[in-house]
Every structure is written in C-alpha cells, then in structure tokens.
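Chemist: Using only what follows, build the 3D model:
(one chain, ligands or ions: 1)
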Amino acid sequence: MSQTVKLILEDGTEIQGESFGAFTSAAGEVVFSTAMTGYPENLTDPSFAGQILVLTYPMVGNYGVPGEELYESISKIFESDKIHIAGLVVNYYSEEHSHWNAAKSLGDWLKEYNIPGIFGVDTRMLTKKLREKGAMLGKIVAETDVPLHDPNLENLVAQVSPAGVQHYGSGQHKIVLVDCGTKTNIIRCFLERDVELIRVPWDYDFTTLDYDGLFLSNGPGDPKMCEATIQHLQKALQQDKPIFGICLGSQLMGLAAGGDTFKLKYGHRSHNQPVKLTGTQHCYITSQNHGFAVDTATLPAEWDILFENLNDGTCEGIKHKTKPFFSTQFHPEAAGGPQDTEFLFDDFLKAVVEYKASK
Ligand SMILES: NC(=O)CC[C@H](N)C(=O)O
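Modeler: Residues are numbered from 1 along each chain as shown. Prediction:
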C-alpha cells in the first residue's frame with residue numbers, strides 16, 4: 001500500500017497523489033519534460049539539480065533502471081554517478097518492469113538516493129498550468145512540510161562540478177572539458193574520437209594548461225552564477241584555439257562574449273525540439289533540457305546565431321564570425337534523444353586539426 005503525498009506549487013495549487021521512491025519531502029523548481037523515454041538518463045543529468053521533474057509521458061517505470069556498468073572509468077549508461085533531480089512527478093507509476101538490461105525498479109532506485117516520487121497526478125493538466133504561468137517553485141510534501149526554495153539563487157554548478165582534474169583517453173588531440181555538470185555521454189562522444197580529455201572543475205584556471213581545444217559542458221541553474229568560468233573563458237576568447245560549448249556552455253560563451261542571458265518562461269525539455277541551421281533550410285530534431293537562453297539581441301557584432309528554435313524562435317547556438325568558436329543550446333550528444341547532431345563533435349575536432357595545422 002502506498003502512502004499519500006502532496007505536490008504543492010507556489011501559486012497555491014495542491015495536488016494529492018501517492019508516494020513512490022523515498023517517502024520524504026523535497027522542494028525545488030517544478031519543470032516538465034515531454035520526452036517519452038530516457039528517465040535513467042534524465043534523472044542522472046546534473047543539469048536537473050534542484051528541479052522537481054514532471055514527466056508528461058503517461059506511464060513511467062515500466063522498463064526499470066539498468067545496472068551500473070563502466071565504460072573507461074565512467075558510467076556506461078547513466079549521465080553521472082547519482083540522481084540529481086529533487087523529486088519526480090508522474091501520472092501512472094509502474095513498479096513492475098521488464099527490459100533486457102533492467103536491474104531494479106525506478107522506485108527502488110529513487111529510494112537509494114532518498115528522492116521522493118509522486119504518482120496519480122494529471123501531469124498533462126499540470127503541464128498546461130506550467131506553460132501558462134511559467135515554471136514555478138514547488139514541493140512534494142510527505143510527513144513533514146518543507147519551505148519552498150529557488151535553486152536558481154544558488155551556485156548549483158559548484159555543487160555538481162568535480163573537486164579535481166581527471167584524465168581520459170590517449171588520442172592525438174588534447175581537449176580541456178570544463179565540467180560544470182557534464183553528462184557522461186559528452187565524455188563518451190569525445191573518447192570515441194581521437195582525443196585525450198582533461199576534465200577540470202568549473203572554476204579551474206584552464207588557461208594555464210597546454211591544450212588544442214576547449215569544451216564547455218552543460219550544467220544546472222543560472223549561467224550567471226558561473227563567474228569564474230566566464231572570466232577564464234574571456235581569456236580563451238582572446239586566443240584562436242577552437243571552443244565548443246553545449247547548453248550551459250553555450251550560455252557561458254554568450255556571456256563571456258559580452259551578451260546576456262534570460263530565463264525562458266518554462267524552458268525546453270524534450271527529445272523533439274526542432275532547430276534550424278542559420279543560412280540553410282535544414283531542420284534538426286534535438287534533445288533539450290534548459291530553462292535559460294542567450295538573448296540574441298545582445299550578441300556582439302563579431303558573433304552570429306548558429307541555430308534557431310523553430311517553436312519559439314529562441315537562440316539555439318552561436319558562432320564567432322572569424323574564429324573557430326561555436327556552441328549549441330541543445331544536446332548533440334543526446335542520451336536520451338536523437339543523435340542527428342552528433343556530427344558537431346566531428347566539426348569541432350576538424351576545427352582542432354585545422355588549428356594545429358596552422359601553427
Ligand atoms: N542542460 C543545461 O546545460 C541547462 C543549462 C541551464 N542550467 C539552463 O537551465 O538553461
């Protein structure tokens with residue numbers, strides 16, 4: 001028998017449901033994702049830190065959760081080594097699961113990390129509300145009440161970024177990955193290519209390192225919290241070494257270049273976001289998970305918009321007019337979602353090869 005819990009939003013909405021996962025209370029920013037699959041990847045994506053995630057897909061849990069397996073020294077399947085969401089909201093939760101690589105149920109996995117889940121919620125009604133009013137603060141309340149709190153006022157990147165430097169691979173091209181909360185599939189994408197990867201903390205002064213290309217990862221919260229990364233990036237923008245940023249990394253490039261970022265009303269979280277490559281009629285379907293965006297009106301003259309979101313026209317990537325610097329607001333590494341834009345890793349490495357040949 002499951003126990004009753006409540007989801008309470010900052011506008012006073014109260015929805016009663018049933019508990020799965022940990023029977024505990026948690027507060028955060030309530031956001032929704034319309035992705036149909038991929039909860040093992042989403043829940044472990046550090047970009048979700050501080051967020052109570054609402055999944056609109058009606059049945060969740062039926063394919064269980066995979067076991068822990070390693071690829072090099074990182075997880076083979078998960079996007080980091082723990083669950084990062086603050087809570088999970090679903091319509092129908094299936095404790096019963098069946099899948100070739102399932103090792104446990106979603107509820108048991110949430111319990112391991114003391115994360116509450118609530119089911120029996122009309123998640124489509126809830127999503128309509130979040131789309132009308134915008135992302136809201138909220139809480140899942142079990143026995144004890146907790147205060148609402150806004151995770152975007154904290155430096156979440158400092159909480160999820162690693163403490164030290166790690167090395168992976170032994171390829172020809174030395175890439176520095178600034179880890180603001182990186183998804184492991186970004187590391188996997190690099191290791192499948194000819195790369196030696198140096199993974200550094202968000203505030204590490206990478207400008208002192210010897211490298212061929214710089215990569216800026218995804219990560220949680222408001223990009224403006226990452227002052228140290230922005231300062232180091234400003235130095236890197238003075239040079240000519242290729243730079244590639246994904247999601248938070250794209251926002252950090254926009255800020256370091258002198259542009260501004262703003263909070264979207266309810267963000268983009270799904271695996272089917274259409275983006276158009278500037279100067280072409282090519283549309284790519286992309287995986288996304290973000291609540292902030294670069295304000296294109298503030299982009300300095302040396303920068304162009306690289307991709308545009310075809311749903312709402314917001315910036316989906318930027319590109320320097322003359323130097324090999326570019327970024328995407330979406331996730332070319334996917335996990336989950338379509339892999340259609342993974343070629344951007346090859347484009348980045350091509351820029352690295354060209355840079356090295358020019359020296
Ligand atoms: N996936 C990400 O990197 C998210 C970036 C940022 N935290 C946002 O919400 O916009």
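Chemist: quick one: the helices in this protein?
Modeler: 39-44, 106-112, 123-133, 156-160, 184-191, 227-238, 248-257, 343-357 (DSSP state H).
Chemist: Tell me which of those approaches Gly336 most closely.
Modeler: When these are compared for distance to Gly336 using C-beta to C-beta, the nearest one is helix 39-44, at 4.6 Å. (Each C-beta comes from the backbone N, C-alpha and C, glycine too.)
Chemist: ok, residues contacting that closest one?
Modeler: 33, 35, 48, 53, 55, 60-61, 65-66, 75, 77-85, 88, 106, 109, 115, 183, 185, 289, 335-336 (C-beta atoms under 8 Å, 6 or more residues apart in numbering).
Chemist: could you dump it to PDB, C-alpha only?
Modeler: The C-alpha trace of helix 39-44 is given here as PDB (Å, rounded to 0.1, in the frame of the first residue of the first chain):
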ATOM      1  CA  TYR A  39      14.300   8.600 -17.300                       C
ATOM      2  CA  PRO A  40      17.600   6.900 -16.300                       C
ATOM      3  CA  GLU A  41      19.500   9.500 -18.400                       C
ATOM      4  CA  ASN A  42      17.400  12.500 -17.300                       C
ATOM      5  CA  LEU A  43      17.400  11.700 -13.600                       C
ATOM      6  CA  THR A  44      21.200  11.500 -13.600                       C
END
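Chemist: Buried residues of that helix, list them for me.
Modeler: 39-44 (16 or more other C-beta atoms under 10 Å).
Chemist: surely Gln329 meets Ala293?
Modeler: Yes. In this structure Gln329 lies within contact range of Ala293 using C-beta atoms under 8 Å: 6.3 Å.
Chemist: higher neighbour count, these two?
Modeler: Gln329 (31 against 22; other C-beta atoms under 10 Å).
Chemist: From Asp312, how far off is the more buried one?
Modeler: Relative to Asp312, Gln329 is positioned 12 Å away (C-beta to C-beta, to the nearest Å).
Chemist: do Leu264 as well
Modeler: 8 Å.
Chemist: what's the answer for Val60, then?
Modeler: For Val60, the distance to Asp312 - C-beta to C-beta - is 26 Å.
Chemist: can you list the residues of the stretch 251-359 of the chain near the ligand?
Modeler: 289-292 (C-beta under 6 Å from any ligand atom).
Chemist: Show the pLDDT at the nearest residue to Val65 once chain neighbours are set aside.
Modeler: Leaving aside its sequence neighbours, Val65 sits nearest to Trp109 (C-beta to C-beta, 6 or more residues apart in numbering; 4.4 Å). We have a pLDDT of 98 for Trp109.
Chemist: got a list of contacts for stretch 341-358?
Modeler: Against stretch 341-358 from outside (C-beta under 8 Å, 6+ apart): 173, 175, 189-190, 193-195, 212-213, 215, 240-242, 244, 284, 286, 324, 326, 328, 330, 332-334.
Chemist: Mark which of those residues are buried, thanks.
Modeler: Looks like those have 173, 175, 189-190, 193, 195, 212-213, 215, 241-242, 244, 284, 286, 324, 326, 328, 330, 332-334 buried, using 16+ other C-beta under 10 Å.
Chemist: Among the residues you listed, which are located in strands?
Modeler: 173, 175, 195, 213, 215, 244, 284, 286, 326, 328 (DSSP state E).
Chemist: Stretch 104-123: how far from the chain's middle?
Modeler: Relative to the chain's own centre, stretch 104-123 is displaced by 20 Å; criterion: C-alpha atoms, centre = their mean, to the nearest Å.
Chemist: And that stretch, what's buried?
Modeler: Buried positions in stretch 104-123, judged by neighbour count with 16+ other C-beta under 10 Å: 105-107, 109-111, 115-121, 123.
Chemist: residue contacts, Gln288?
Modeler: If you count contacts by C-beta under 8 Å, 6+ apart, Gln288 has them with 247, 268-271, 273, 329-331.
Chemist: If you could redo that for Val275, that was the one I meant.
Modeler: Contacts of Val275 (C-beta under 8 Å, 6+ apart): 283-284, 286, 307-310, 316-317, 330.
Chemist: can you rerun that using 7 Å?
Modeler: Neighbouring residues of Val275 by C-beta atoms under 7 Å, 6 or more residues apart in numbering: 283-284, 286, 307-310, 316, 330.
Chemist: circling back to that earlier point, so Val60 and Asp312 - more neighbours on which side?
Modeler: Val60 (23 against 11).
Chemist: and the gap between the more buried one and Ala102?
Modeler: 14 Å.
Chemist: Can you tell me how far Ser2 is from the ligand?
Modeler: Ser2 sits 31 Å away from the ligand, taking C-beta to the nearest ligand atom, to the nearest Å as the criterion.
Chemist: Next one, pLDDT for the residue positioned nearest the centre of the chain please.
Modeler: With distances taken as C-alpha atoms, centre = their mean, Ser47 lies nearest the centre of the chain, 3.8 Å away. With respect to pLDDT, Ser47 scores 98.
Chemist: Please verify my assumption that it contacts Gly181.
Modeler: Yes. Assessed by C-beta atoms under 7 Å, Ser47 is found in contact with Gly181 at 5.9 Å.
Chemist: anything in contact with each of these two?
Modeler: 218-220.
Chemist: nearest to Thr4, of those?
Modeler: Pro220 (30.0 Å).
Chemist: For the closest one, what are phi and psi?
Modeler: Dihedral pair for Pro220: phi -80, psi 160, per degrees, to the nearest 10.
Chemist: Which residues are in contact with the spatially closest residue to Gly337 that is not a sequence neighbour?
Modeler: Sequence neighbours aside, Ser287 is the residue nearest to Gly337 in space, at 2.7 Å (criterion: C-beta to C-beta, 6+ apart). With contacts defined as C-beta under 7 Å, 6+ apart, Ser287 is in contact with 271, 330-331, 334, 336-338.
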